[in-house]
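*Asks:* A structural model of the following input is requested.
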Amino acid sequence: MKSAVRESIGSADIPATMLAVVFTAQDHFALREVPTPRPGPREVLVRVRASMVCASDAKILAGRFPAIKFPHVPGHEFSGEVAMSNDERFAVGTRVGIEVHVGCGTCDRCREGMYTLCQNYGKRETGHAHVGFTIGGGLAEYAAVPIAALHALPEHVTFEQGAWTDNLGVALWALERGRMAGGEHVVVIGPGAIGLCVAELARALGAGRVTLVGRGARLARVRDLADEVIDAADVTRLRGTADLVVEFAGTAEAVRAAIGLARRGGRVVLGGPTGTGVELSGVDLSTIVLGNLDILGSLANPKGVSGRALALLADAKVDVTSLVTHHFPLRSFAEAWQTFTERRGGAIRVMLHPAEGN
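*Replies:* Sure, this is the predicted structure:
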């Protein structure tokens, strides 16, 4: 077995420094030349080809993740090609998408396959890693990525599509968590990137009807991704009709609506309120008890679900291309960030291309 580190063509091809987005302190970021990371044990170096901005990045910058220390290189929705590796499963040149959670592998939750709930979160010495959160991420030219986070991209999946590896897994897990069955009426609350992935996947998996609920100008843009699109102001007409409701809006208002939309005996999956401080009030508990409702939390993408999602992408069961509304070179990150956070031009996902325009 070869144990030597293999690099792309030669070490001269991997520069000593790279361009990266750095969150320098709470509410402050900069583009900087930083040392190119070198992969540690059970890691490879990925040359980043496509990387997206997510609302979680805004929470990181605002200091809402205590486990994250500044300065920090963010980015957890990305793809690229292996540039340095000593693992034959992911040789140099392999095209990969990234899922962000890597568990320690030994705690009770990891042994169940629920590495997203790892009991050793943030303890790098145990093997835990949260790519783009507790370790550096992909808003940079290169990223050192644990092998456990890698998915080889299917032949016909592009780098731009592969950057959705994590998001698609999150969306598919929400549907699996809710035990969606063919022919059911599925209501998705929240027309953000992951909610839209849920809507597309539900149709691909045989839902009888998919209803997307949201508000704002974005609804007109995504009308073709569901069987019907309804403004949140009119949602009461759906009350008690859904077999499965999947919420990815992240607000107490959306959660209250989700519970009210489920039929008796139905299921509600809550995936949006992942930040602390969102509290629920105004729900009559008899709605849940007398309605025999299943109310389920859904966090991230455990049990290898991102691999299953990539297979659906490769089979053209889901299309993420239209969800990328803006493209920028990495050097234009400041403009990309404003475009995303201010939703300029109806922005859904903003993609950076570190290999271009630098």
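
*Asks:* Between the two ends of stretch 348-356, what distance do you get?
*Replies:* The separation between the terminal residues of stretch 348-356, taken as CA to CA, to the nearest Å, is 21 Å.

*Asks:* Please apply the same query to stretch 99-117.
*Replies:* 14 Å.

*Asks:* which residues touch it?
*Replies:* Contacts to stretch 99-117, defined as CB atoms under 8 Å, 6 or more residues apart in numbering, come from residues 76, 118-120, 123, 126-133, 146, 148-149, 151, 165-166, 169, 299-304, 306. (C-beta placed from N, C-alpha, C; glycine too.)

*Asks:* Tell me which of the residues you listed fall in helices.
*Replies:* Counted as lying in helices by DSSP state H, out of these, are Thr165, Asp166, Gly169, Ser306.

*Asks:* mind listing the helices for the stretch 1-150 of the chain?
*Replies:* Secondary structure of the stretch 1-150 of the chain (DSSP state H, counting those that start in this stretch): helices at 55-61, 108-111.

*Asks:* Could you work out which of the ones you listed reaches nearest to Pro41?
*Replies:* The minimum distance between Pro41 and these falls on helix 108-111, with 17.9 Å, by CB to CB.

*Asks:* list the buried ones in that closest one?
*Replies:* By neighbour count with 16 or more other CB atoms under 10 Å, helix 108-111 contains the buried residues Arg109, Cys110.

*Asks:* Please put the alpha-carbon coordinates of it into PDB.
*Replies:* Extracted in PDB, the C-alpha atoms of helix 108-111 (Å, rounded to 0.1, in the frame of the first residue of the first chain):
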ATOM      1  CA  ASP A 108     -23.700   6.400  21.200                       C
ATOM      2  CA  ARG A 109     -25.200   8.800  18.700                       C
ATOM      3  CA  CYS A 110     -22.400   8.200  16.100                       C
ATOM      4  CA  ARG A 111     -22.800   4.400  16.500                       C
END
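
*Asks:* Worst mean pLDDT among the helices of the stretch 1-150 of the chain?
*Replies:* Here those differ in mean pLDDT, and the lowest is helix 55-61 at a mean of 94.

*Asks:* For that helix, which residues meet the burial criterion?
*Replies:* For helix 55-61, using 16+ other CB under 10 Å, the buried residues are Ser56, Asp57, Ile60, Leu61.

*Asks:* Could you dump those residues into TSV and include distance to Asp284?
*Replies:* Converted to TSV, the buried residues of helix 55-61 look like this (distance: CB to CB, whole Å):
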residue	distance to Asp284
Ser56	32
Asp57	37
Ile60	36
Leu61	38
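
*Asks:* with those in mind, which one is nearest to Val283?
*Replies:* Ser56 (26.4 Å).

*Asks:* Wait, the closest one touches Gly75, no?
*Replies:* No - counting by CB atoms under 8 Å, Gly75 is not a contact partner of Ser56; they are 10.3 Å apart.

*Asks:* contact partners of stretch 262-272?
*Replies:* Stretch 262-272 is contacted from outside by 170, 174-175, 177-179, 189-190, 194, 240-251, 254-255, 258-259, 290-299, using CB under 8 Å, 6+ apart.

*Asks:* swap the cut-off to 6 Å and go again
*Replies:* 174, 177-178, 190, 240, 242-250, 255, 258-259, 291-298 (CB atoms under 6 Å, 6 or more residues apart in numbering).

*Asks:* Select from those every entry located in strands.
*Replies:* Of the positions in these, Ala242, Asp243, Leu244, Val245, Val246, Glu247, Asp294, Ile295, Leu296, Gly297 sit in strands, assigned by DSSP state E.
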